[in-house]
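A.B. asks: Sharing a model that was predicted from the sequence below.
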Amino acid sequence: MEPDRLSRWERWGISRSSRKDVHKKSADTHPNLQAGPSHNEGLPPRFPVELRDENVIDSHPITLQCLPDGLPFPDICWLKDGEPLRTDNRVQLSCAPDGRYIMTVLGSTSGDAGRYQCVATNCAGRAVSTCYVTLAKLPRQLVRPAVTQLYPSGALVSWEDLETTGTVVYQLEMFEKEAECWQLVASDLAEPRLHVTELTPGSSYRFRVSYFSESIRGPLSAPSDEVTIPHRQQDSFKGMSLSDQKEVDGKNQNQIATSSAILSSKLQKPYTFLEERAR
């Protein structure tokens, strides 16, 4: 069959056997239709393709579509939260050549969220297809990451921890000055920091980060300041301001103190039974 002569059933992948089953079921439900439809009789409306729920980012377009059918072909109307849908230059209705009925909202706002229904009606009955539209806020951009420590062949990169009730994972990329392109360092990171290893001493790098939350990817952050990987450990603070050096050194000392405290709490002095009675 030539593509331009395909019916809307073939375009939507609905087989002839499926259509026969539908018509047979309708005839079994309405015995007076078995002899064939007359002027006042027909097949009740149905939706071979239903509306689907949509989760749309705020300000992005909304597109809902369904495929109604019936004999005679039903009248179609759209409802929003149980009321007739109001159309204008932003909210538009259309019918595609393959029989799809389409509702489009340009530049969605919070008021566009809710329940949408396509209602099909003919002399044999009525059918309704329903879906729900929810709007998500536009993902915000993270503050650019910071390189808080340098050491030979590596760097500690930290960034803002996104506060959200859902699950958040991060993706870190790096730009090596000599390579002149961004490369993926790691993805599915649960913590807002990463020790990046296997870097080339003497080479310069920048880093950027993005996040994934509830099937939404946030935009990439601005790149970090450029840093050069030291050849020796004592070169780790080169290129950093004195205040940054003190801050990094203070963090290192705090980490050492915390680790020592944890270790001390786990090590207990052995004591005898008599010492225990005297306590």
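C.D. replies: All right, it came through fine.
A.B. asks: Can you give me the domain boundaries for the chain?
C.D. replies: Using automatic domain parsing, the domain parsing of the chain gives 44-137, 146-248.
A.B. asks: I'd guess residue 93 is in a strand, am I close?
C.D. replies: Yes: the assignment for residue 93 by DSSP: H, G, I helix; E, B strand; the rest coil puts it in a strand.
A.B. asks: from what I can see residue 81 touches residue 114, true?
C.D. replies: Yes: Residue 81 sits in contact with residue 114 when judged by Cβ atoms under 8 Å, with a separation of 4.7 Å. C-beta coordinates here come from the backbone N, C-alpha and C atoms, glycine included.
A.B. asks: Give me the more crowded residue out of these two.
C.D. replies: residue 114 (13 against 10; other Cβ atoms under 10 Å).
A.B. asks: residues contacting the more buried one?
C.D. replies: 80-81, 132-133 (Cβ atoms under 8 Å, 6 or more residues apart in numbering).
A.B. asks: neighbour-wise, which of these leads?
C.D. replies: residue 133 (20 neighbours).
A.B. asks: How about that residue: what's its closest non-neighbour residue?
C.D. replies: Once flanking residues are discounted, residue 133 sits nearest to residue 54: 5.0 Å by Cβ to Cβ, 6 or more residues apart in numbering.
A.B. asks: Which residues are in contact with that neighbour?
C.D. replies: Residues in contact with residue 54 (Cβ under 8 Å, 6+ apart) are 62-64, 131-134.
A.B. asks: what about it, distance to residue 221?
C.D. replies: Relative to residue 221, residue 54 is positioned 28 Å away (Cβ to Cβ, to the nearest Å).
A.B. asks: okay, the domains of the chain in CSV with mean pLDDT next?
C.D. replies: Conversion of the domains of the chain to CSV gives the following (pLDDT from 0 to 100):
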stretch, mean pLDDT
domain 44-137, 95
domain 146-248, 84
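A.B. asks: Surely residue 68 and residue 46 touch.
C.D. replies: Yes: taking Cβ under 8 Å as the definition, residue 68 is a contact partner of residue 46 at 7.4 Å.
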